[in-house]
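A.B. asks: Here is a sequence together with a model predicted from it:
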Amino acid sequence: MSMHIDLSGTRVLVTGASRGIGKAIAEGLLEAGASVCLHYNRTADAALGIKDRYPTQCIAVKADLSRADETKRLFADAVAGLDGLDVLVNNAGIAAEMPLSLSTDQWEHAWDLTMAINLKAPALLSRLAAQHFISHNADRDGGRIISVSSRAAFRGDTADFMAYAASKGGLVSFTRSIARSLGPQGVKAFLLAPGFIRTDMAEDAIRLYGESFVMQGIALPRLTEPDDIAPLAVLLASGLADHATGCTIDINAASYVH
Ligand SMILES: NC(=O)c1ccc[n+]([C@@H]2O[C@H](COP(=O)([O-])OP(=O)(O)OC[C@H]3O[C@@H](n4cnc5c(N)ncnc54)[C@H](OP(=O)(O)O)[C@@H]3O)[C@@H](O)[C@H]2O)c1
């Protein structure tokens, strides 16, 4: 067994590769030699900046994952641009603040948007990826799906982010079902469950609740960074950890051990 990770020839779609955790994962995969479809929505500059640094290994595709038509087009564009697919990383997500004091219509709108981006889009992409792996990758060991859930799926969240926690919980059970049911056909599926990670998303929580709130309960002296997540995604993408299919890897600096 070699622990050297060389992902050359491995084709990966990373959603939300323009910022934060997705950007770090995409850069980790590229450094390991993978070919990557960088998905972005609003932050084109950052995604295109990565593409400029890895011109032969990247394509960049824009899509609004709140829309099913754009989500399905993203998958088709990724497969066409990479000439196939071996790994899907479902990373893009939102944490929409939705206090109970919102009107019922506003609360419902935030719920629907959260579910569309955080649960429906990864489900659509995962289904398409699984079908693709089963019908096209028999000679390439199937394929892998890595979905970014959250500590909130297990611990729950504040009242402002109940839809967020629910969407991430749904992603856990959906991904586990893929692992259990499609493993015999070569589809592996994993979950990463970060605690607070220093990204724009965490900055929103810091703005709302203060820095001490996000540091609460963390056993290590600094807040977790996107670069603390990326190596585990690279490892899972490599196939070296395939027998961990169905697992959830907690990355929360021992703030929620369950
Ligand atoms: N940061 C944390 O503390 C934390 C903790 C646990 C789990 N997570 C999870 O980790 C993942 C990444 O979070 P992050 O902190 O890196 O977030 P972030 O910095 O806010 O970045 C979010 C990413 O998702 C994309 N995105 C958002 N809305 C989208 C939409 N409608 N259509 C397509 N793409 C969309 C963004 O693309 P554009 O900018 O190009 O629009 C961006 O690339 C999320 O699933 C999040 O729930 C984060």
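C.D. replies: Looks like it came in fine. Residues are numbered from 1 along each chain as shown.

A.B. asks: And Pro232, how far from Asp250?
C.D. replies: If you look again at residue 232, you'll see it is Leu, not Pro. Computed as C-beta to C-beta, to the nearest Å, the Leu232 to Asp250 distance reads 10 Å. Placement of C-beta: from N, CA and C, glycine included.

A.B. asks: Tell me where the stretch 51-200 of the chain has helices.
C.D. replies: Ranges of helices in the stretch 51-200 of the chain, per DSSP state H, counting those that start in this stretch, are 68-82, 104-115, 121-136, 152-155, 162-182, 200-209.

A.B. asks: For the shortest one, output the C-alpha coordinates as PDB.
C.D. replies: To tie it back to what came earlier, the one meant is helix 152-155. This file holds the C-alpha atoms of helix 152-155, laid out as PDB (Å, rounded to 0.1, in the frame of the first residue of the first chain):
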ATOM      1  CA  ALA A 152     -25.500  21.000  13.500                       C
ATOM      2  CA  ALA A 153     -27.000  17.900  12.000                       C
ATOM      3  CA  PHE A 154     -26.300  16.000  15.200                       C
ATOM      4  CA  ARG A 155     -26.100  18.700  17.900                       C
END
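
A.B. asks: what comes up buried for it?
C.D. replies: 152-154 (16 or more other C-beta atoms under 10 Å).

A.B. asks: And whichever residue of the stretch 51-200 of the chain sits closest to the ligand, how close does it get to Ala46?
C.D. replies: Closest to the ligand within the stretch 51-200 of the chain is Gly93: 2.4 Å, counting by C-beta to the nearest ligand atom. Distance, Gly93 to Ala46, by C-beta to C-beta: 16 Å.

A.B. asks: Met162 now?
C.D. replies: Computed as C-beta to C-beta, the Met162 to Ala46 distance reads 30 Å.

A.B. asks: try Ser255
C.D. replies: For Ser255 relative to Ala46 (C-beta to C-beta), the value is 28 Å.

A.B. asks: re earlier: among Gly93 and Ala46, which residue is more densely surrounded?
C.D. replies: Between Gly93 and Ala46, counted using other C-beta atoms under 10 Å, Gly93 has the larger neighbour count: 27 against 17.

A.B. asks: Could you find the closest non-adjacent residue to the more buried one?
C.D. replies: Asn118 (4.7 Å; C-beta to C-beta, 6 or more residues apart in numbering).

A.B. asks: my guess is that neighbour contacts Tyr164, does it?
C.D. replies: Yes - in this structure, Asn118 is within contact of Tyr164 by C-beta atoms under 8 Å, at 7.1 Å.

A.B. asks: if I look at the two, which residues touch both of them?
C.D. replies: Ile94 (C-beta atoms under 8 Å, 6 or more residues apart in numbering).

A.B. asks: in this structure, which residue is closest to the centre?
C.D. replies: The chain has Asn91 as the residue nearest its centroid, 1.9 Å off, counting by C-alpha atoms, centre = their mean.

A.B. asks: Now do it, the pLDDT please.
C.D. replies: Looking at Asn91, its pLDDT reads 99.

A.B. asks: Find the nearest non-adjacent residue to it, please.
C.D. replies: Gly22 (3.9 Å).

A.B. asks: need the residues of the stretch 101-250 of the chain near the ligand, please.
C.D. replies: Residues of the stretch 101-250 of the chain lying near the ligand by C-beta under 6 Å from any ligand atom: 117, 148, 150, 194, 196-197, 199-202.

A.B. asks: So which of these are in strands?
C.D. replies: 148, 194 (DSSP state E).

A.B. asks: buried subset of the residues of the stretch 101-250 of the chain next to the ligand?
C.D. replies: Among those, those classed as buried by neighbour count (16+ other C-beta under 10 Å) are 117, 148, 150, 194, 196-197, 199, 201-202.

A.B. asks: In a markdown table: these, plus distance to Arg67 and pLDDT.
C.D. replies: A markdown table is the format used below for those (distance: C-beta to C-beta, whole Å; pLDDT from 0 to 100):
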| residue | distance to Arg67 | pLDDT |
| --- | --- | --- |
| Ile117 | 10 | 99 |
| Val148 | 20 | 99 |
| Ser150 | 23 | 98 |
| Pro194 | 26 | 98 |
| Phe196 | 29 | 95 |
| Ile197 | 26 | 97 |
| Thr199 | 23 | 97 |
| Met201 | 21 | 93 |
| Ala202 | 26 | 90 |
